[in-house]
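Asker: what shape does this take:
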Amino acid sequence: ASIGSLVLPPLAQVLETAAHDGRPDAELHQATGALQRALDRLVADIRSALAGGVGAAGAAGAAGAAGAQAASAAASAPSAALSAEALAAFRALLLSSDYAAVAAFRAHRAALRQQFGPGIDGVEACLNRFDYDGADAALAALVAPSRR
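Answerer: Numbering: from 1, shown residues only. The predicted structure follows:
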């Protein structure tokens, strides 16, 4: 959880509870296997990110990487509000729980603040906790009124 994994903590809790409760070996092996597979995917994603790749997150990860590139391109207009495409790319990163969402937010903080005002602080607070779903919900609440 400290590095932003939303998948590993609940799987670890299942394993810890099963071990604590003295559950049968088959349950312990199943919980251990699920945790190991998730950990392997996370490590692969981290290695890929460090090597400059997309990660093993599948199509959502690829869309997130493309979105991050589009969002980065939109950053060249520093004081302008984010384009609809850049905002959609940022939301795609949030929806896929992609760590790149944190960097995209930082790159676009000024534009987001100009566009949404101090309400953007709620999005940032969620990102600081690696709560991507909460960040997306907070952003969606800001986007909805601006569409009226």
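Asker: how much space between residue 50 and residue 99?
Answerer: Look at residue 50 and residue 99: by CB to CB, to the nearest Å, they are 11 Å apart. Glycine gets a C-beta too; all of them are placed from N, C-alpha and C.
Asker: neighbour count winner among these two?
Answerer: Set side by side, residue 50 and residue 99 show more neighbours around residue 99, with 20 against 8, by other CB atoms under 10 Å.
Asker: isn't the more buried one up against residue 48?
Answerer: No: look at residue 99 against residue 48 with CB atoms under 8 Å: they stay out of range, at 11.6 Å.
Asker: list the contacts of the residue nearest the centre of the chain.
Answerer: For the chain, residue 97 is the residue whose C-alpha lies nearest the centre (CA atoms, centre = their mean; 2.3 Å). The contact partners of residue 97, by CB atoms under 8 Å, 6 or more residues apart in numbering, come to 4, 6, 132, 133.
Asker: out of those, which is most surrounded?
Answerer: Counting by other CB under 10 Å, top hit in the contacts of residue 97: residue 132 with 21 neighbours.
Asker: burial of residue 1, as a residue count?
Answerer: Residue 1 has 12 neighbours, counted by other CB under 10 Å.
Asker: now do the nearest residue to it once chain neighbours are set aside against residue 137, distance only.
Answerer: Spatial nearest neighbour of residue 1, chain neighbours left out: residue 9 (4.5 Å); criterion: CB to CB, 6 or more residues apart in numbering. The gap separating residue 9 from residue 137 is 20 Å, by CB to CB.
Asker: looking only at neighbour counts, state which of these two leads.
Answerer: Neighbour count, other CB under 10 Å: between residue 9 and residue 137, residue 137 has more, with 14 against 11.
Asker: packing partners of the helix or strand hosting residue 32?
Answerer: Assigning secondary structure by DSSP states H and E places residue 32 in helix 25-50. Under the contact definition 3 or more CB pairs under 8 Å, 6 or more residues apart in numbering; DSSP states H and E, helix 25-50 sits against helix 8-20.
Asker: got any ranges where this protein has weak pLDDT?
Answerer: Low-confidence segments of the chain, defined by pLDDT under 70: 2, 53-80, 146-148.
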